[in-house]
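**Student:** Below is the structure, and that's it, no one-letter string:
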């Protein structure tokens with residue numbers, strides 16, 4: 001458990017650092033589309049979260065996946081703060097939950113097959129558009 005807890009700052013800091021590096025390009029994108037409403041197709045920061053980050057639902061389940069739940073809850077806070085800060089620039093910031101996906105972590109009982117998700121949606125914009 002300590003190995004994962006020590007990685008926690010990386011899982012939260014990386015999205016912030018990436019946003020900071022891409023911010024000039026995101027601002028430039030909004031300038032060229034100033035008449036469009038805020039949307040993922042204009043300029044956006046989309047962070048992949050999880051329903052497991054919900055504090056309320058975590059209190060109703062067994063205590064497992066501490067590192068994952070905590071890092072995703074922190075990512076949700078970072079995303080919420082970004083959304084407030086970036087709104088004035090017309091940049092969307094949102095966290096999405098892709099669903100329970102069959103991965104090494106999700107396990108074979110998950111609802112969604114990652115290959116079907118990737119094959120069905122031609123690019124990231126379509127995936128985001130389908131959940132936004």
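**Tutor:** Here it is on my side, so go on. On a predicted model such as this, the values are computed, not experimentally measured, just so you know.

**Student:** can you give me the strands in the protein?
**Tutor:** Taking DSSP state E as the criterion, the chain carries its strands at 44-48, 92-96, 101-102, 112-113.

**Student:** Out of those strands, indicate the one that is most buried.
**Tutor:** When you average the neighbours per residue for each of the strands of the chain (mean count of other C-beta atoms under 10 Å), strand 92-96 leads with a mean of 20. Just so you know, the C-beta spots here come from the backbone N, C-alpha and C atoms, and that holds for glycine as well.

**Student:** by how many degrees do that strand and strand 44-48 diverge?
**Tutor:** Note on geometry: by axes from the mean of the first three to the mean of the last three C-alpha atoms, to 10 degrees, strand 92-96 and strand 44-48 are set 20 degrees apart in direction.

**Student:** helices or strands next to strand 92-96 in the packing?
**Tutor:** Strand 92-96 is packed against strand 44-48, helix 66-87, with contacts defined by 3 or more C-beta pairs under 8 Å, 6 or more residues apart in numbering; DSSP states H and E.

**Student:** hang on, the earlier thing: residue 21 is nearest to which of the strands of the chain?
**Tutor:** With C-beta to C-beta, the closest approach to residue 21 among the strands of the chain belongs to strand 44-48: 11.4 Å.

**Student:** The closest one - which strands sit beside it in the sheet, and in what orientation?
**Tutor:** According to DSSP bridges, the neighbouring strands of strand 44-48, each with its direction, are strand 92-96 (parallel).

**Student:** Which other helices and strands does the longest helix seen in the chain contact?
**Tutor:** In the chain, with assignment by DSSP state H, the single longest helix is helix 2-32. In terms of contact count using 3+ C-beta pairs under 8 Å, 6+ apart, helix 2-32 is assigned the packing partners strand 44-48, helix 66-87.

**Student:** any idea of the mean pLDDT in it?
**Tutor:** For helix 2-32, the mean pLDDT works out to 82.

**Student:** any idea of the angle it forms with strand 92-96?
**Tutor:** Going by the same axes, to 10 degrees, helix 2-32 is angled at 140 degrees with respect to strand 92-96.

**Student:** Please identify the buried residues of helix 2-32?
**Tutor:** Taking 16 or more other C-beta atoms under 10 Å as the neighbour-count basis, helix 2-32 is seen to contain the buried residues 11, 12, 15, 19, 23, 26, 29, 30.

**Student:** Okay then, goodbye and thanks.
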